[in-house]
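# no sequence on this one, just coordinates:
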């Protein structure tokens, strides 16, 4: 995907004659019904269409590769006086809406205009698409879109908790998976081909890129993903490409209408679409990233399994506190659903278990103890936990934080700046300061908050959840700043 293509522009250029003729035919028999503002002409004797301009196209998604769309056109007319005593003419404009349809499988060769009326107000489409033919999906619709995807392609996953087998999912959709090196440096972890073509892949035997024939509907996964990442990431990659196939074929076919050599979407390791930084492709990648874990861990069955495991580990560890069981629950959920630990952690937060936020935070060479806080207290880009180096830097450069420390109000304990009070700070058997159990479950009462920003490792626009990725294997470099209070 090399450009942010415009469906409006394509329709205006390719079907200008058809649109012109349709409006011309309409005014020939309906000019008395036109809503024209006339100042010179008293009575219309003749009207002639002189020019048209497509203002915008409003697209509705249909099954398969079909679409229907409203083309809104501004038409310019020359209106002549009917009374021979007056030799008056006047130019005026009116907007029309032409309801059209077509099939992208045949490159819109079956383009059809099936109604034409005066334009009054922009109509709402049942399944709207952008001007790049990317479906509109809002954050609050993600769960329902993921559920509909499973209902169509993998309905058994909605009935009982189970791992979605990515190989089987691809097979059900009609896709084939091939494992082979894609690039030498692993900058691309997966790609899907929409059309037959000759494509370049890295060959480790010759240590160079070689060209091979590729069939349409093929997903390629780089085998280095198994060794450099984990099985959960490989499963995620395959489901991710299945989402591209199901939701983004029409956007891809629009690209083909402009550029017939386009054949594939390549997804980078960092989460973007290779060779493009345009708006449409960013939306496509956001949709695939956001929907994939919701498909792998359907909300209803995931909640059912999480509740079951919380109950199990509370009994095993003889505790009533969810925070005490959150880490083993997340690990078992990851294993059960075949996803990464981070994906399972984020899903727990999605379904309401904010206790998961304070788990698997790796700082200064060790995991800090799990902790929790009042629901909704922290924003996604905020934390209580900072490294010793960051603590030293922040206490030096931030006057307000420096003052709090100098007056003895706060002490740095367990990677947190904690209110210095026996309710929140105690000593272990070796005499080291640690958080009390009360403090660990009421962090909002006693700990200072820091804002996180991403310096390197991820594109923030693709992964707002990367702020939660402070696990041992994370390659994200964060910058911290005292939140002032």
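Noted; the coordinates are in hand. Keep in mind the model is a prediction, meaning the values are calculated, not measured.
# use CA for all of it now, contacts and neighbours both
Fine.
# Do you have the helices of the chain handy? List them.
For the chain, the helices defined by DSSP state H occupy 7-14, 16-30, 142-153, 166-173, 224-228, 231-258, 279-296, 299-317, 326-337, 341-350, 388-397, 399-406, 437-441, 443-446.
# now the protein, which segments are flagged as low pLDDT?
For the chain, the stretches with pLDDT under 70 are 1-3, 31-46, 80, 82-90, 225-231, 263-278, 454-480, 483-485.
# Could you tell me which strand of it is the longest one?
strand 44-61 (DSSP state E).
# coming back round to it: turn the helices of the chain into a markdown table, columns for distance to residue 113 and mean neighbour count.
A markdown table is the format used below for those (distance: least, Cα to Cα, whole Å; neighbours: other Cα atoms under 10 Å):
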| stretch | distance to residue 113 | mean neighbour count |
| --- | --- | --- |
| helix 7-14 | 12 | 16 |
| helix 16-30 | 8 | 14 |
| helix 142-153 | 30 | 17 |
| helix 166-173 | 32 | 16 |
| helix 224-228 | 49 | 14 |
| helix 231-258 | 19 | 22 |
| helix 279-296 | 27 | 21 |
| helix 299-317 | 42 | 16 |
| helix 326-337 | 48 | 20 |
| helix 341-350 | 45 | 21 |
| helix 388-397 | 64 | 15 |
| helix 399-406 | 67 | 15 |
| helix 437-441 | 64 | 19 |
| helix 443-446 | 61 | 19 |
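# Just want the most central residue of the protein.
residue 286 (1.9 Å; Cα atoms, centre = their mean).
# re earlier: just send the helices of the chain back as CSV, with distance to residue 130 too.
Listed next are those as CSV, based on distance: least, Cα to Cα, whole Å:
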stretch, distance to residue 130
helix 7-14, 9
helix 16-30, 21
helix 142-153, 17
helix 166-173, 24
helix 224-228, 33
helix 231-258, 9
helix 279-296, 8
helix 299-317, 27
helix 326-337, 33
helix 341-350, 27
helix 388-397, 43
helix 399-406, 47
helix 437-441, 45
helix 443-446, 42
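# Figure out which of those is closest to residue 123.
For residue 123, the closest of the helices of the chain is helix 7-14, at 16.0 Å, according to Cα to Cα.
# Could you check the angle that closest one makes with helix 231-258?
30 degrees (axes from the mean of the first three to the mean of the last three Cα atoms, to 10 degrees).
# Report the beta-bridge partner residues of the nearest residue to residue 182 once chain neighbours are set aside.
Excluding the flanking residues, the one nearest residue 182 by Cα to Cα, 6 or more residues apart in numbering is residue 201, at 4.9 Å. Here residue 201 sits in beta bridges with residue 210, as judged by DSSP bridges.
# and stretch 393-400, how far from the chain's centre?
Averaging C-alpha positions (Cα atoms, centre = their mean, to the nearest Å) puts stretch 393-400 37 Å from its chain's average.
# same thing with stretch 427-446?
On Cα atoms, centre = their mean, the centre of stretch 427-446 falls 38 Å from the chain's centre.
# Start and end of that stretch, how far apart?
Terminal residues of stretch 427-446 lie 17 Å apart, using Cα to Cα, to the nearest Å.
# which residues touch it?
323, 370-374, 377, 384, 413-414, 418-419, 423-426 (Cα atoms under 8 Å, 6 or more residues apart in numbering).
# hmm, back to that, of the helices of the chain, which approaches residue 97 most closely?
helix 16-30 (9.7 Å).
# and that closest one with strand 44-61, angle?
Using the same axes, to 10 degrees: helix 16-30 against strand 44-61 is 130 degrees.
# who does helix 16-30 touch, helix- and strand-wise?
Where contact means 3 or more Cα pairs under 8 Å, 6 or more residues apart in numbering; DSSP states H and E, helix 16-30 is packed against strand 44-61, strand 112-118.
# Any idea which of the ones you listed gets closest to residue 130?
Smallest distance to residue 130 across the helices and strands packed on helix 16-30 (Cα to Cα): 7.2 Å, for strand 44-61.
# ok, and for that closest one, which residues are buried?
44, 47, 49, 52, 54, 56, 57, 58, 59, 60, 61 (16 or more other Cα atoms under 10 Å).
# Parallel or antiparallel, which strands does it pair with?
Here, using DSSP bridges, strand 44-61 pairs with strand 66-81 (antiparallel), strand 128-129 (antiparallel).
# Need the contact partners of it.
7-8, 12, 20, 23-24, 27-28, 31, 67-83, 123, 125-131, 133, 135.
# Residue 131 reaches residue 7, doesn't it?
Yes - Residue 131 lies in contact with residue 7 (Cα atoms under 8 Å); the separation is 5.3 Å.
# Can you give me the distance of residue 19 to residue 407?
76 Å.
# same check, this time on residue 450
For residue 450 relative to residue 407 (Cα to Cα), the value is 20 Å.
# So those two - more neighbours on which side?
A count of neighbours by other Cα atoms under 10 Å puts residue 450 above the other of residue 450 and residue 407, at 23 against 8.
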